[in-house]
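In: Pasting a predicted model and its sequence here:
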Amino acid sequence: MDLNADMGEGFGSWSMGDDSALLEVVTSANVACGFHAGDPSIMRRVTAEAVERGVAIGAHVGYADKAGFGRRFVDIEPAALRDEVVYQIGALDAFARIAGDRVRYVKPHGALYNTIGRDVDQAGAVVAAVAAYDKTLPVLGLPGSEWLRLAAEAGLTVVHEAFADRAYTPAGTLVSRRSPGAVLHDADEIALRCTAMASGQPIRDVDGGSLVVDAASICVHGDTPGAVEIARRVRAAVEGAGVTLRPFTG
């Protein structure tokens with residue numbers, strides 16, 4: 001099983017999360033590429049630290065919306081979105097190569113992640129961007145999404161992920177952040193859920209039903225209260241259950 005987290009999401013003198021501490025816990029880092037958050041200096045620092053710790057580097061691509069932290073839908077032409085995604089992957093890849101590695105996978109952020117789960121045009125644009133840049137790059141996303149369906153049809157390697165601290169609907173989709181209970185905060189509950197998901201056991205959906213989440217990677221968010229401690233508890237619990245943690249990229 002892989003543990004991934006979003007990082008590099010500050011901007012200038014403004015910081016978000018504790019990237020250095022999270023890099024001691026996770027096995028894959030979704031690094032912001034300067035559109036929803038991040039800047040060149042942050043990208044350089046985070047990629048260098050990731051390489052030092054043996055953490056896989058992923059391009060966390062998003063809408064050009066720093067004010068909204070990439071969590072607002074942007075009605076953008078598919079061709080323009082394709083080019084913006086290529087731009088972001090290329091920028092992060094440059095810093096990853098300076099650090100001695102390369103971008104190993106792609107995971108969209110926030111509103112883009114949610115939109116391409118159902119919007120065929122935008123999903124196709126992101127798939128086209130990854131395929132044009134490097135068809136060997138795996139793509140990370142929710143099972144059942146349009147994004148992963150189109151990626152598989154295009155010959156890209158598809159990797160399913162689960163979320164440590166997000167509530168699920170009975171259909172296996174994420175409960176909207178606008179709904180009560182959408183984000184979990186109890187570290188013990190989150191650790192137990194992650195152990196179940198990593199072991200192929202069911203968890204409870206938002207209605208109290210049983211849900212099995214098919215995933216090769218679990219996302220632990222870095223921007224929630226107590227994020228680092230929660231990530232540490234998750235890692236300890238999963239490893240305590242006998243599950244080996246390593247990057248899904250190999």
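Out: That came in fine, so what should we check first?

In: can you give me the helices for the protein?
Out: Secondary structure of the chain (DSSP state H): helices located at 19-22, 40-53, 78-98, 110-115, 120-133, 146-153, 187-198, 227-240.

In: Of the ones you listed, which stretch is the most buried?
Out: Among the helices of the chain, judged by mean count of other C-beta atoms under 10 Å, the one packed with the most neighbours on average is helix 110-115 (a mean of 22). For every residue, glycine as well, the C-beta is placed using N, CA and C.

In: tally of neighbours for residue 139?
Out: Look at residue 139: counted by other C-beta atoms under 10 Å, it has 24 neighbours.

In: Could you give the bridge partners of it?
Out: residue 106, residue 158 (DSSP bridges).

In: if I pick it, what's in contact with it?
Out: Contact analysis of residue 139 by C-beta atoms under 8 Å, 6 or more residues apart in numbering lists 105-107, 127, 130, 147-148, 151, 156-159.

In: Format those as TSV; extra columns: distance to residue 205 and pLDDT.
Out: Converted to TSV, these look like this (distance: C-beta to C-beta, whole Å; pLDDT from 0 to 100):
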residue	distance to residue 205	pLDDT
105	27	98
106	28	98
107	23	98
127	29	98
130	30	98
147	22	96
148	20	98
151	26	98
156	29	98
157	28	98
158	23	98
159	22	98
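
In: Please identify which of these is nearest to residue 74.
Out: When the contacts of residue 139 are compared for distance to residue 74 (C-beta to C-beta), residue 147 wins out at 15.8 Å.

In: measure the closest one to residue 188 for me?
Out: As judged by C-beta to C-beta, to the nearest Å, residue 147 and residue 188 stand 32 Å apart.

In: What are the phi and psi values at residue 223?
Out: Main-chain dihedrals, residue 223, degrees, to the nearest 10: phi -110, psi 10.

In: you'd agree it is up against residue 10?
Out: No: using C-beta atoms under 8 Å, residue 223 is not in contact with residue 10, being 10.3 Å away.
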